[in-house]
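Enquirer: Okay, structure incoming, though there's no sequence with it:
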């Protein structure tokens with residue numbers, strides 16, 4: 001029943017938002033602004049390979065308000081569960097700037113730099129932390145319609161436990177011919193100067209490999225099935241903690257508007 005209610009909530013949210021967005025974008029475009037977003041339902045909210053919901057489902061949403069100059073404001077929201085009394089909500093505002101880089105006639109990646117605040121407004125204690133990021137996105141690498149993403153993130157207060165931390169991620173997605181299916185893969189490496197991970201270490205690797213499908217009958221609707229995990233040592237940890245760190249299958253429905 002809980003999963004069914006979340007599916008219904010996603011359908012209502014995405015359909016109403018699509019109609020509203022179509023009307024608002026006409027007005028915003030006259031001011032050099034554009035508005036986009038998505039609503040998603042996932043069987044497990046994984047952040048850099050680690051569950052944020054004790055391996056339970058999550059309803060998520062995000063939006064971006066961008067100016068033609070390249071400046072944008074975004075926000076992401078999701079339910080969370082860390083096994084404590086709170087928090088239950090994550091709300092991440094970010095501000096950034098994007099611009100194309102004309103490296104050569106055939107190589108023109110998009111540079112995206114900004115700052116994101118991981119915010120937990122329902123928490124009694126201070127769970128919030130801030131991270132700076134820089135991303136480069138390359139289009140049509142190897143396969144037409146593909147995308148290669150590289151990013152570097154830095155914070156001096158990883159997960160609100162303190163300590164400098166770096167994250168490096170490489171991600172690739174590509175369509176599979178004209179089938180509507182696509183493949184996705186990513187690998188990330190996170191390091192910090194404190195031994196704050198569940199296995200008492202200061203670095204780990206996360207990965208994701210999956211397939212997605214764009215539903216032709218419903219524009220903007222994408223289904224994805226992926227294997228997501230980490231190399232964090234789970235020996236001696238509880239079953240619930242192990243399940244949220246080891247490789248597991250995650251199914252996600254996303255409706256863009």
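Expert: Perfect, I can see it now. Source: prediction; values computed, not measured.
Enquirer: Could you measure from the nearest residue to residue 161 once chain neighbours are set aside over to residue 107?
Expert: Using Cβ to Cβ, 6 or more residues apart in numbering and skipping the chain neighbours, the partner closest in space to residue 161 is residue 196 (4.8 Å). The way it works is simple: take the backbone N, C-alpha and C, and place the C-beta from them, glycine included. Separation of residue 196 from residue 107 (Cβ to Cβ, to the nearest Å): 38 Å.
Enquirer: more neighbours, these two?
Expert: Using other Cβ atoms under 10 Å, the more surrounded residue of residue 196 and residue 107 is residue 196, with 15 against 12.
Enquirer: Surely that one and residue 157 touch.
Expert: No. In this structure, residue 196 is not within contact of residue 157 by Cβ atoms under 8 Å, at 10.9 Å.
Enquirer: Next, show the common contact partners of the two.
Expert: Counting by Cβ atoms under 8 Å, 6 or more residues apart in numbering, the shared contacts of residue 196 and residue 157 are residue 163.
Enquirer: Any idea which helix or strand in the protein has the lowest mean pLDDT?
Expert: helix 2-29 (a mean of 57; mean pLDDT, DSSP states H and E).
Enquirer: immediately after that one, which helix or strand?
Expert: Sequence-wise, the next helix or strand downstream of helix 2-29 (DSSP states H and E) is strand 33-42.
Enquirer: Adjacent strands (with direction) for that following strand?
Expert: Partner strands for strand 33-42, per DSSP bridges, with pairing direction: strand 58-67 (antiparallel), strand 248-256 (antiparallel).
Enquirer: The shortest one: which residues count as buried?
Expert: When you say that, I think you mean strand 248-256. For strand 248-256, a neighbour-count test (16 or more other Cβ atoms under 10 Å) marks 248, 250, 252-256 as buried.
Enquirer: Identify the spatial nearest neighbour of residue 46, chain neighbours not counted.
Expert: Once flanking residues are discounted, residue 46 sits nearest to residue 228: 4.8 Å by Cβ to Cβ, 6+ apart.
Enquirer: all helices for this structure, in order.
Expert: Assigned by DSSP state H, the helices in the chain fall at 2-29, 239-245.
Enquirer: Could you save the buried residues of strand 248-256 as TSV and add columns showing pLDDT?
Expert: What follows is the buried residues of strand 248-256, written out as TSV (pLDDT from 0 to 100):
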residue	pLDDT
248	98
250	98
252	98
253	98
254	98
255	97
256	97
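Enquirer: Need those residues in TSV (columns: distance to residue 147).
Expert: As requested, the buried residues of strand 248-256 are arranged in TSV below (distance: Cβ to Cβ, whole Å):
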residue	distance to residue 147
248	25
250	20
252	17
253	20
254	16
255	20
256	15
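Enquirer: which stretches of the stretch 151-257 of the chain have low pLDDT?
Expert: Scanning the stretch 151-257 of the chain for pLDDT under 70 picks out no residues.
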